[in-house]
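Asker: sequence-free structure coming up:
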């Protein structure tokens, strides 16, 4: 019998490898992306203090109203823009992008595009 490949376990290995080099500070927090089959989640994290400054996802009420009728990629772009808007409101203008072990394409790329267009620098 063939065993099914656990893609999420491979993703976690890639994420751990990237996290050795990528870390967030108070000046430049880490913009972390997690995607499930239906939703996408974004957090700005200061790894030195171990705190989360902001978070945004497709489950937030204000974001959910904006993404009605949109596909998942367009919804990811809205989530990235909302995260950037919340970060700028807290005085955060720069961040380090952490793709979470995912390939930089599709929804992960759209989150970064939305955040850049809203004024956050990577």
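Answerer: Great, that's in hand. On a predicted model such as this, the values are computed, not experimentally measured, just so you know. Residues are numbered from 1 along each chain as shown.

Asker: mean confidence (pLDDT) on stretch 108-118, please.
Answerer: Taken as a whole, stretch 108-118 carries a mean pLDDT of 97.

Asker: what residues of it count as buried?
Answerer: Buried residues in stretch 108-118, counted by 16 or more other CB atoms under 10 Å: 108, 109, 110, 111, 112, 114, 115, 118. In short, each C-beta sits where N, CA and C put it, glycine included.

Asker: repeat that for stretch 92-112.
Answerer: So, applying 16+ other CB under 10 Å, buried residues of stretch 92-112: 92, 95-102, 107-112.

Asker: can you name the two of the buried residues of stretch 108-118 that are farthest apart?
Answerer: Using CB to CB, the buried residues of stretch 108-118 span at most 16.4 Å, a distance reached by 108 and 118.

Asker: give me the distance from the strand or helix carrying residue 115 to the chain's centre.
Answerer: Residue 115 is located in helix 107-117, with elements delineated by DSSP states H and E. Here helix 107-117 shows a centroid-to-chain-centroid distance of 8 Å under the convention CA atoms, centre = their mean, to the nearest Å.

Asker: for that helix, which helices and strands make contact with it?
Answerer: Here helix 107-117 touches strand 30-35, strand 40-46, helix 72-89, going by 3 or more CB pairs under 8 Å, 6 or more residues apart in numbering; DSSP states H and E.

Asker: relative orientation of whichever helix or strand residue 15 is part of and strand 30-35 in degrees?
Answerer: Under the criterion of DSSP H and E, residue 15 resides in helix 7-19. Counting by axes from the mean of the first three to the mean of the last three CA atoms, to 10 degrees, helix 7-19 lies at 170 degrees to strand 30-35.
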